[in-house]
Structure formats: C-alpha cells, structure tokens
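S.K.: predicted coordinates and the sequence they were generated for:
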Amino acid sequence: MARTAQQERTARQFLGDLREEIRTHAGVGHSILGRMKTDPRSRADFQVLAGQHFPLVGNFTRYMELLLLRAPSSEAKCWLAKVLVDEYGERSEGQDHSEHYRKFMHAAGHKLGEEDTVPLHPEVVHFIREHYRICTEEPFLVGLGALGPGHEWSIPAMFELAVAGLRKAGFAESEIEYWTMHMDQDQDHGAWLEEALVGYCETPQQREQVRKGALLSLDARERFWWGVTDKIAAATTRRSVPGAGATSDEGQLTLRQLRAKWRIEPRLVEE
Amino acid sequence: MADHLLVVAFGGPTPGCCKRFDTCPGESYCFVSGIFGDNPARKARVEEVVAHYHELGGFSRFNEITQAQAEAVIAELARRGVKLGLTVGYDHWMPHIADQVEKMRASEFVTLVMAPHQSSVSWDGYLRRVSEGLERLPQEKRPKWKGVCEPMFDKPGFAQALADRVNEAAGKLGADLTSSTTGLLLSAHAVPMPIVRTSQYVNQIQTTARMVAERVKAANWMVGYQSAPSDSKIEWTTPFLDKAMDQLAESGASKIVAAPIGFLCDNVEVLYDLGIEGRQHAQKLGIGFQAAEAVNTHPAFIAMLADNVQRALAGDDARRPGA
C-alpha cells in the first residue's frame, strides 16, 4: 500500500526527533570525548583506547551481515548491502575498515599481530554481545535502529571530538584515516538511512522498535566509553605507580579468547 | 628520605579566570564544563550543575578546605618531629596537579590522595596528573616519587571523625540514633557501574559505612548514592538518595540524619545535592532531616592522615613507584 503524505510527515518528524535524542545522548556526549579538546590525551592513552575499540570495529560488519539475513524487503537489504560494501572496503585494495584500524593501532603503539591480545574491559564485551543479541533476537527494526541511527547518526559527532584529540596528540593524518573516513562516510550512510527509514517508521510500533534499537545501542556505547575511561586511568597509574591503582583487570578476556569461545552462526531452524 | 608531601584532590572553582574561553563565562561554568567536556550533547547537564553553584554563591570552598586539611597534616607531622614541604594540586581547577608537580621544590615526595574510596575516575585520575607533571621535567630534575599513602576508607580515625559529625547532626535534630525511628543515611558519590566493576569502590564504602554505624550504634542505617547525572541512561550505583530516604521512611524513620561519608569536605555536592535536595525530599516525606558536616579538618581525621603519611615515608604500606 502506498505511503500517505501524513504517514511520511509523521515518519520524518519522528526521525528528526530521534536525531536530536541521539545528538544529546550521554553516550555521544561522554566526557572522555568532550574533554579531547580541552584536556589533551597522549599517544599512550590512544593506545589503550585503540585496544578496547578494535573489537567493536572488527565485529560491526558481522552484526550487519546477520541483520541483512533478516531484512524483510529488498529495500532494507539494499541499504544494509550498500553500507556493507563500504565497510568491506570496495575498491580500496583490501583496505577494509579493520585494516585501516590496524594501521592506526600500530601508530598508537600496538605490535603487529597482537591487536587481539589486549584484556578487554567487561563493557567492551557487553557492547559486542549486546549488538549480536539485538541483531539476532530482537525484531528486525530494533536491529536496524541499533546499526542505523544508533551508529550512523552518532559516529560523526563522536569521531569529530576524537579526531580533535588525535590531532592534539600528534597523530599524522595518514595514521588516523579510519577516523576521518568515518566522519564523511557515516554522513553519507546516515543520509541514505534516513530515506530508507521513512518507509519503516509509518506505524507507532515500527517507530517504537527503531527508537528502542537506537537507544539500546547508545546505552551500550555510554557503558563502553566508561570502560575506556576506566582502562586509560588505570593504565597510567599501573605504568607509573605499580601497585597503587584502584582497579584490577583480573578475569578479563582478550578478543582472541572471545573468538575461541564464541560461535556466531546463521542456521536453519525447522519447527 | 622524602622531604615533601604532595596532596592531590578533585578541586572546586575559586575566583579567578582560567582563561579557557575568550570571553569568561564565569568560574563555575568553566569548572563544570571542564569536567563534562566541550560537547554540545552535555550542554543541558552542564547548565543544571552550574545552577547549583550559582545558588551557593558561584564558587566552592573545596580548595580552601583541602588546603587547610593539608596544612593541618603538615602541622601535625611537625608536632611529631617530621618536617615536610607541602604542595597541593587539583584535577579540575587551578592550581592543577601537573603544574604544581612541575614547580614542586622537592628531592623526594610522597602523595596523599584526597579521595576516601578508590575508583579509576578519582584515585587513578589524580595520580595520572602526578605522572603528567613529572614527565614534563627533564629526568635529572624529576623529584623521586617515593610512594602513595594507602587508602583511608577503613582507618579508625576516619570512621571516628565521621561518627563525631553524625552525633553532632543527630544532636541538632534531637534524634536518637539507637532507635529505628531515626534513619542514618550514609552518602557517597554515585559512580557508573562500568567503573565499579573493576574496583573495590562499593565494598570500601560499605566498610566505612559499617564502621560509622557501629560507632554511633545506629539501629536503622543505609548507604545512598548522590549526584549522578540526570541525563545518563545507564546503571549507576544505587539506591540514589531519594530512594534511600524513601526506604528509611518506609522502615519507620521519622527523622533522617545524613552524613557524606564519600566526601572529605563541604563541597557543592555535599551542600546542595545532600543538604538542600535531601532536605527538600525529607519535607516531601514529612520527616525531620539534618545533614552532617563533612570531616573537613576534624582532629581525628587529620591525625589519621598524618599516620598514613608517616607510614608512606617509612615505606610501610605505601604503594611505591616501580615496586
């Protein structure tokens, strides 16, 4: 059935309100980002941040692939596929997003091949687990809300602040391409997304699901930034005053250990 | 032997422009926005907290009281025959810790962290600033960092000072702490759960609370957490103050004595979030309310800090750089 003008107006109004809700979410406005300009971070701090952020980068495409399988229409599949093609790094000679991120990690001080051996804060693990759950167990539109508005509308704002901090810490532009690339690319993805979403926000139930997904993702994001804050503060103390720190990373797993423990599989279920 | 004491703390706004903005928006705005960061997403929260400062005159006595505490510790140590130089610095206001470390005239120093309970955002955050200051100096000019005083949450002197403040407040309210009709609310700063998960913050607060409750023979007490940002959607330590007060009232308390066990001085969070908002909530509940003073320069507290410094100087119990 064709969309009425009223339905389109309501959907666009909802999406505008959702954008504003995302813009002012405490996950997007976390103090670790807000203070990048006024309270500069060091390369060592970004080394810690990178160790915690890399697992999110490496899993994002898998959430999308899982969600793509559940997309109810070709239109939704097209949007997800377009974003995925960018994430895979089409026409960039094998430089997918994880590769760009590795380049940044090495610039920040991580050794080649050891990117997945960093003990992860429990909130990093929560973020990944929560997004797998959202994309496989929640209704499709909740997943779309999480990966769409929850990511594409929040990342440009968050990364703008992060890039200011990276530049202050002395990183060269070639070392932070992952970050600058996303500021532009996610603007495009966000715009495509808005058009795609209009058709999925016609009923109150649809709007509720999209909003729920976005907020679940941003809550996980707020927790993630607190985890990074915790790790950075703890790392400096451990380095300069061993034994005097307030925290322990006992029992924390690395990405390599998580990969060995987790099995992510789309499968046929017969009822 | 260490010849200097470096005292580090959170800090609060005092008169004097920090020069962060071209046009000065006022010290309390600079202070609060410095904590949350220069981020349009948190504008509303920054303005909400700045309003608390304005209601109390626009400034905080945090630095003045911390300086007095530090000087009292130095005086107590001198009385015991231990002479030390003193430097005080703050994480979020001038004079900043790193700047103070850079200027410090010392050959060897110990650090006293003015945070009663340990989490990465306070304890580790202040120590990080010490490292930053040292790293600004050429190796040959860096004073030796002998150690960090052990935490104070379980020290009898701290608990005794808090207990005395509770008894003073109960006296003002005419409340009998040994009766279940008086609720004792022991308050600490709320912390997001991601920070709590890796530290002993909550356990340390419970330890302090138990020690205070035992000393005042409280029949009806609980811990409450305050000052969580209203715009955060994730889980923070609970119960928040209002819910803790509701619980005490439901348990039969007709009067509440509230004591800031997670704060070391009467800063704006103690005076506004606990003192003013706590009283307003008590009025809603129709019960009596009295907030206790923070430990400030209570003699038992100062003596306990001096003991901690002496142990760090001796190398006992201190957490040592490079150990």
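M.R.: Alright, I've got the coordinates.
S.K.: helix or strand for whatever residue of the stretch 151-271 of chain A ends up closest to chain B, which one?
M.R.: When C-beta to the nearest C-beta is the measure, the stretch 151-271 of chain A has its nearest residue to chain B at A:A244, with 3.2 Å between them. C-beta here means a position set from N, CA and C on the backbone, and glycine is covered the same way. For A:A244, there is no enclosing helix or strand under DSSP states H and E.
S.K.: check B:P25 too.
M.R.: No secondary structure element spans B:P25, as it lies outside all helices and strands (assigned by DSSP H and E).
S.K.: counting neighbours, what do you get for the closest residue to it other than its chain neighbours?
M.R.: Counting by C-beta to C-beta, 6 or more residues apart in numbering or on different chains, the nearest residue to B:P25 once its immediate chain neighbours are dropped is B:S33, at 8.0 Å. Here the neighbour count serves as a burial measure; for B:S33 (other C-beta atoms under 10 Å in any protein chain shown) it reads 24.
S.K.: next one, pLDDT for the closest residue in space to A:G89 that isn't next to it in sequence please.
M.R.: Sequence neighbours aside, A:D96 is the residue nearest to A:G89 in space, at 3.7 Å (criterion: C-beta to C-beta, 6+ apart). Per-residue confidence at A:D96 stands at 77 (pLDDT).
S.K.: A:P242 now?
M.R.: Per-residue pLDDT puts A:P242 at 81.
S.K.: all strands of chain B, in order?
M.R.: Using DSSP state E, the strands found in chain B span residues B:4-9, B:85-90, B:108-113, B:144-148, B:182-189, B:221-226, B:255-260, B:288-291.
S.K.: how about the ones you listed in a markdown table, adding mean pLDDT?
M.R.: Compiled in a markdown table, the strands of chain B are given as follows (pLDDT from 0 to 100):
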| stretch | mean pLDDT |
| --- | --- |
| strand B:4-9 | 98 |
| strand B:85-90 | 98 |
| strand B:108-113 | 97 |
| strand B:144-148 | 94 |
| strand B:182-189 | 98 |
| strand B:221-226 | 98 |
| strand B:255-260 | 98 |
| strand B:288-291 | 98 |
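S.K.: so, low pLDDT: which residues of the chain?
M.R.: Going with chain A. Low-confidence regions of chain A, defined here as pLDDT under 70, cover residues A:1, A:91-94.
S.K.: I was thinking of chain B, sorry if that wasn't clear
M.R.: The model of chain B has pLDDT under 70 over residues B:316-323.
S.K.: so which residue of it comes closest to chain A?
M.R.: Checked against chain A (C-beta to the nearest C-beta), the nearest residue in chain B is B:G37, 1.8 Å away.
S.K.: who in the stretch 1-150 of chain A is up against chain B?
M.R.: Near chain B, the residues belonging to the stretch 1-150 of chain A are A:23-39, A:121-123 when assessed by C-beta under 8 Å from any C-beta of the partner chain.
S.K.: buried subset of the residues you listed?
M.R.: Buried by 16 or more other C-beta atoms under 10 Å in any protein chain shown: A:24-36, A:38-39, A:121-123, out of the residues of the stretch 1-150 of chain A next to chain B.
S.K.: check contacts around residue 34.
M.R.: Let's take chain A. Contacts here follow C-beta atoms under 8 Å, 6 or more residues apart in numbering or on different chains; on that basis A:G34 touches A:L161, B:F36, B:G37, B:D38, B:N39, B:A41, B:R42.
S.K.: switch to chain B, that's the one I care about
M.R.: Contacts for B:G34 (C-beta under 8 Å, 6+ apart) come out as A:R35, A:T38, A:D39, B:C18, B:R20, B:H92, B:W93.
S.K.: re earlier: and of the strands of chain B, who's closest to A:K77?
M.R.: With C-beta to C-beta as the criterion, A:K77 lies closest to strand B:221-226 of the strands of chain B, at 46.3 Å.
S.K.: excluding sequence neighbours, find me the nearest residue to B:P239.
M.R.: If you skip the residues right next to it in sequence, B:P239 has B:G224 as its closest partner in space, 5.7 Å away by C-beta to C-beta, 6+ apart.
S.K.: ok, the one you found touching B:F240?
M.R.: Yes: with the criterion set as C-beta atoms under 8 Å, B:G224 and B:F240 qualify as a contacting pair; they are 6.6 Å apart.
S.K.: the more surrounded of those two?
M.R.: Neighbour tally, B:G224 and B:F240, criterion other C-beta under 10 Å: the higher count belongs to B:G224, 26 against 17.
S.K.: what bridges to the more buried one?
M.R.: The partner list for B:G224 in beta bridges (DSSP bridges) reads B:S187.
S.K.: any idea how far B:K243 is from it?
M.R.: Relative to B:K243, B:G224 is positioned 8 Å away (criterion: C-beta to C-beta, to the nearest Å).
S.K.: can you check B:Y53 too?
M.R.: Counting by C-beta to C-beta - B:Y53 and B:K243 are separated by 25 Å.
S.K.: what about B:M211, how many neighbours?
M.R.: The tally of other residues near B:M211 (other C-beta under 10 Å) stands at 19.
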